[in-house]
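# coordinates for the following, if possible.
(3 chains)
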Amino acid sequence: MRGGADRRDWSGLLFVLPFLTAYLIILIYPLLSGMALSFQRVDLFGGGRFVGFDNYARLFADETFVRSVLNTFALALMIVPLLTVIALSLALALNRATRGAAVFRGVFFSSSVLSVTIVTLIWRFVLAPDAGLLGETAQAIGAEPIPFLSHPTWSLWALAITTIWWSVGLPMMLFLAGLQQIPGDVYEAAALDRASRWTTFWRVTLPALRRTLVLVVMLQTAAQLQIFGQAQLLTGGGPGGSTRTMVLFIFESAFARWELGYATAAAEILFLLIVLITLTQYVTTMRASEGEDGR
Amino acid sequence: MRRFFLVAAMLLAGSCSGAGGGGGDRAEIYLQRFFGECGAEYGSATDVSKVEGECGIITAMINKFNASNPDVHVSSNVVAWPGYPQLSAQMAAKDPPDLVTMHTGVISDYAAEGLLEPIEPYLAEAGLAPSALTEASRSAVTIGGKLFGLPFDTHGGLFHVNTKLFAQAGLMKDGKPVLPTSPEEMLAQARQFTERTGKPYLIQSLVGDNAYAARNVYTYLLAQNAVLFPSPRRIRLQTPEAERIVDFFRGITASGVSTRNQDTPAAIGSFMSGEGGIYPTGTWMIGQFEAEANTPGRPLYQSYTVYPYPRLWGQDVSYVSGHAWVVPKRERSPEQRRAIARFFRFIADHNFDWARTGHLPAFQAVVESPAFKALPHRTNIAPVATTGRPLPGGVQRQNAIEGLVGEEVAAAFNGQKSTRQALADAERRVNELLAQTEA
Amino acid sequence: MAAEASRSRWSPLTLLAILLAAAVMLAPLIWTLLLSLKENEALIGNSGAALSPPYTLENYRSILQGNQVFRWLVNSIIVSGGTTIGVLALCSLAGFGFARLDFPFRRTLFIFVLLGLAIPEQAVILPQHQLFADLRLHNSYPGLILPGLAGPFGVFFMTQYMRAIPKELDEAAMLDGASRFTLFWKVLLPLTMPAQATLGVFTFLASWNAYWWPLISATRSDMYTLTVGLAAAQMNYAQTSGLGFLMAQAVFASIPIFIVYVLFQKQIVRAMAGTAVR
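Next up is the predicted model:
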């Protein structure tokens, strides 16, 4: 055996041990104890007895929970495609080395550094029909303001708009980074072929951005399925439960109604859903791209 | 790398002291309350008689207590109303505060879990006799023969009235607003009001204010003598009485004589700007509205009065609740216990100041005092002391129930759900919740 | 860079679209700023007043006269800073171990860590709350920092980065008789600075904006982070009606992170780019 750094012995373990300890105690142990809790009837202050799948059975029969799942999916479907398209458009428009482009990039990313509480605070006073910017504008032009926060048809859109405004920066940056990776000669070739801009976009740019696109969609889907702050702060899940998301349901079940076992079971379902959906996205896009490469 | 760790370790270690906050010889009391945060306005106020509103008065009271008790320090944690999820998180974390504001209807939840201390020892130490409390407030904090909180007030819903607009609508008689005595009359008056003033008769906060919708339903169910809780673990809402109430408010909201899309701040703003006739909200707004009514130039100047919810069905009865100070169980030093007793004494001594918010006093002597009777509008609202009814004490999770009932019926008021559907959903959700509580 | 895209000027239509989008982006921020510059009384029932003078700095003066926002700001800095330092330390060490050393069960352990990438925060937050209650760690800085240190993303990221550094460096250093720690500290760590910056920026931002965990762990107002403190202020607004003051708090709380953003914009942008290119 030589004296190389990768000589096989236990001492290498010392380097990974600090992280492993934190990982085991703070992530893995709670993960397992959460699974155990989900099979118990247990309240926030202790007690608890094994009830099998009772909590899960109750959840599937609980209209409020089912509604929260549907709300969450609806939100993800409203946010992810729009956000992706907007971010991609911005990236395409701002992908140039001018000063103006840099300034605009800064503008569109700026909201991303704000915390959810500030974002909801800002948007509450944009959307509120009585005290908000939109309401005041509508009144100024003599129109009836849209009841964004108080009507079930609009309330999910209120959350979606707020979220898109808040999080457009990161995907835009990711797309910009992806665009920088595309070699210039590809475009030169396209120009020689007299391809229109539109054709160039579909034939050259988009295929080259495939990996980034998958990354953005997966990251955003996972993030939006876990929406909490916007729903809690902007609409409180209302009106009439129309904006109660899964995570808000979990929060309320645990801390307002003390049903820890029930809340944990809902969290396990959310966990499963996120894993399933992101895995599906990953597998389908990978298969699709394999098919493409094989052409 | 070692330096790296050292810095990190120091940071972590040094930070631990931040949570403890050792204050030398002073007894540290950690108080948690709602009523809002107004340190910017009243952060240094200690003259309780010079401030207005729940937030201002409680802030000044605590400042005064700290100033006059140098050996005790009360630090306040202001939580967003009603703060129960946060309190529950603290109790689950085994780190509850020393004193907490709590609605009387909620006390039984925490007491049943063994999370609260009975307060008789503190009362004894403070030299306060339970018999000094009003009957209503004492019974509201008594569970199984023990007191689990020091009552602070009795409060309920009131009709706050803009008399200038009422006069304009021809709804004043002998200097008093004409309030309805039946649902039909209310609708007719509302139409007359809106026709003549061009403004909404009713200002309703139907957005994010479950308490408002629930208060209306509770009040008029109690008035009709309807049995809301056949047993402590069962609610009954699918009744003709409940449908009558919800249909009525649904109708009045739909007929264009009411605001629709306001949350509480917007509703308060509307009423203070003279943009509506009646704002049904609680006793707690009297002080602030009265202050507006006494300020020349304000839209509400000399045009404010307040009355209990009018009788629309059945008897003249309204739903009331109360605020109380509870002491969560945890280890405490004898100095801290004495400090809590002293705070109780202080709260009792300043019950009149608190009653200036508009709430009804918790101590009988204050109710009967000339000073209280001399406060504006108190004769109007005095009947609430006898007509007020709480929910049955044995019902647990009253705050969560109010949230569920309010959420559903507010959707019906707003026309987003049918009355029957809303009541059926509310009943189902509450009963599911109650079924999960330990018997 | 794509040469075609970078030199051509924007067409008028594109420029118009960009300007419109920028207006949508900025209008809420400007509106917030204007509200914060108004007297609270002037805004009651009429927030449209914010669009016209007079403006005042009164609300900011109130904040400077002693407000808990300061304390929350300090807490946020300590928590985000502590989390960032902790994550960088733990992940660099672990990344070095996994990428450059060999030890029994290395592959198994690495896969075990990678599986953690699939665990969303929400799946573990309730049992975590129980755990931290048992350890009496709520309402403390360690209680706020530690959960941020357990995420496996940083380890994955640092391992990938360190794998890409040529192995010859190690051998040369070991021939000089350097210990493994010296190798890590003196040779590899300096080479990972770009990765440290990327991971640091992400960790700091994520920690700065964390909401649910501090909401249930930091339940005492002197331990609130800015995020939680402003949530409380926002929900208390119904009982205080100081709209201008509320917005001034929001603006005040955003200033530090905006300064950080403007100062480090280049690094942040590069950090963003760094994640996409791997």
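# any weak-confidence spans in the chain?
As the question left the chain open, I've gone with chain A. For chain A, the stretches with pLDDT under 70 are A:1-7, A:289-295.
# my question was about chain B
Judged by pLDDT under 70, the stretches of chain B that qualify are B:1-24, B:438-439.
# what helix or strand is B:Arg191 on?
If you go by DSSP states H and E, B:Arg191 is part of helix B:183-197.
# what's the burial count for B:Lys173?
9 (other CB atoms under 10 Å in any protein chain shown). To be clear about C-beta, it is placed using only N, CA and C from the backbone, and glycine gets the same treatment.
# mind listing what's buried in stretch C:172-181?
By 16 or more other CB atoms under 10 Å in any protein chain shown, the buried positions in stretch C:172-181 come out as C:Ala173, C:Met174, C:Ala178, C:Arg180.
# want to throw those residues into CSV with secondary structure, distance to chain B and pLDDT?
What follows is the buried residues of stretch C:172-181, written out as CSV (DSSP: H, G, I helix; E, B strand; the rest coil; distance: CB to the nearest CB, whole Å; pLDDT from 0 to 100):
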residue, secondary structure, distance to chain B, pLDDT
C:Ala173, helix, 15, 81
C:Met174, helix, 18, 79
C:Ala178, coil, 14, 78
C:Arg180, helix, 11, 84
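# rewinding a little: by contact count, what packs against the helix holding B:Arg191?
Contacts defined by 3 or more CB pairs under 8 Å, 6 or more residues apart in numbering or on different chains; DSSP states H and E place helix B:183-197 against helix B:163-168, helix B:240-254.
# of all the ones you listed, which lies closest to A:Gly100?
For the helices and strands packed on helix B:183-197, the distance to A:Gly100 is smallest for helix B:240-254, at 50.5 Å, taking CB to CB.
# and the closest one, what other elements does it pack with?
Contacts defined by 3+ CB pairs under 8 Å, 6+ apart place helix B:240-254 against helix B:183-197, helix B:210-223, helix B:398-413, helix B:419-436.
# and stretch C:61-75, how far out from the chain middle?
20 Å (CA atoms, centre = their mean, to the nearest Å).
# what's the following helix or strand after the helix holding B:Arg191?
In N-to-C order, the element after helix B:183-197 by DSSP H and E is strand B:205-207.
# strand partners (parallel or antiparallel) of that following strand?
Strand B:205-207 pairs in its sheet with strand B:262-263 (parallel), by DSSP bridges.
# pick the most buried one from the helices and strands packed on helix B:240-254.
helix B:398-413 (a mean of 26; mean count of other CB atoms under 10 Å in any protein chain shown).
# dump the C-alpha coordinates for that one into CSV.
C-alpha atoms of helix B:398-413 as CSV (Å, rounded to 0.1, in the frame of the first residue of the first chain):
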residue,chain,number,x,y,z
GLN,B,398,-63.7,26.7,21.7
ASN,B,399,-61.2,28.8,19.8
ALA,B,400,-60.8,26.2,17.1
ILE,B,401,-64.6,25.8,16.9
GLU,B,402,-65.0,29.5,16.5
GLY,B,403,-62.5,29.4,13.6
LEU,B,404,-64.3,26.5,11.9
VAL,B,405,-67.9,27.9,12.4
GLY,B,406,-66.7,31.4,11.4
GLU,B,407,-64.9,30.2,8.3
GLU,B,408,-68.0,28.3,7.0
VAL,B,409,-70.7,30.8,7.9
ALA,B,410,-68.6,33.7,6.6
ALA,B,411,-68.5,31.9,3.3
ALA,B,412,-72.3,31.7,3.4
PHE,B,413,-72.7,35.4,4.4
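# quick one: contacts for C:Val155?
The contact partners of C:Val155, taken as CB atoms under 8 Å, 6 or more residues apart in numbering or on different chains, are A:Phe19, C:Leu90, C:Cys91, C:Ala94, C:Gly95, C:Phe98, C:Val113.
# now for residue 40: which residues touch it?
I went with chain A, as the question did not name one. Residues in contact with A:Gln40, defined by CB under 8 Å, 6+ apart, are A:Gly48, A:Arg49, A:Phe50, A:Val51, A:Asn55, A:Gly261.
# hmm, no, I was thinking of chain C.
C:Asn59, C:Ser241, C:Gly242, C:Leu243, C:Gly244, C:Phe245.
# of the residues you listed - the most surrounded one?
Counting by other CB under 10 Å, top hit in the contacts of C:Asn40: C:Phe245 with 28 neighbours.
# ignoring the adjacent residues along the chain, who's closest to it?
Closest residue to C:Phe245 apart from its sequence neighbours, by CB to CB, 6 or more residues apart in numbering or on different chains: C:Asn59 at 4.7 Å.
# the stretch 1-150 of chain B: strands as residue ranges?
Ranges of strands within the stretch 1-150 of chain B are B:27-33, B:72-78, B:99-103, B:142-143, B:146-147, B:150-162, based on DSSP state E, counting those that start in this stretch.
# export these as a markdown table, with columns for distance to A:Val103.
Shown next, in a markdown table, are the strands of the stretch 1-150 of chain B (distance: least, CB to CB, whole Å):
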| stretch | distance to A:Val103 |
| --- | --- |
| strand B:27-33 | 46 |
| strand B:72-78 | 41 |
| strand B:99-103 | 50 |
| strand B:142-143 | 64 |
| strand B:146-147 | 65 |
| strand B:150-162 | 50 |
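# export those strands to JSON lines and tack on distance to B:Ile347 and mean neighbour count?
Converted to JSON lines, those look like this (distance: least, CB to CB, whole Å; neighbours: other CB atoms under 10 Å in any protein chain shown):
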{"stretch": "strand B:27-33", "distance to B:Ile347": "11", "mean neighbour count": "22"}
{"stretch": "strand B:72-78", "distance to B:Ile347": "11", "mean neighbour count": "20"}
{"stretch": "strand B:99-103", "distance to B:Ile347": "9", "mean neighbour count": "24"}
{"stretch": "strand B:142-143", "distance to B:Ile347": "18", "mean neighbour count": "18"}
{"stretch": "strand B:146-147", "distance to B:Ile347": "14", "mean neighbour count": "16"}
{"stretch": "strand B:150-162", "distance to B:Ile347": "6", "mean neighbour count": "25"}
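# which one of these lies nearest to chain A?
Closest to chain A of these, according to CB to the nearest CB: strand B:99-103, at 13.7 Å.
# can you check the pLDDT for C:Met272?
With respect to pLDDT, C:Met272 scores 66.
# okay, and the helix or strand of chain C with the least pLDDT?
None of the helices or strands of chain C scores lower by mean pLDDT, DSSP states H and E than helix C:3-7, at a mean of 47.
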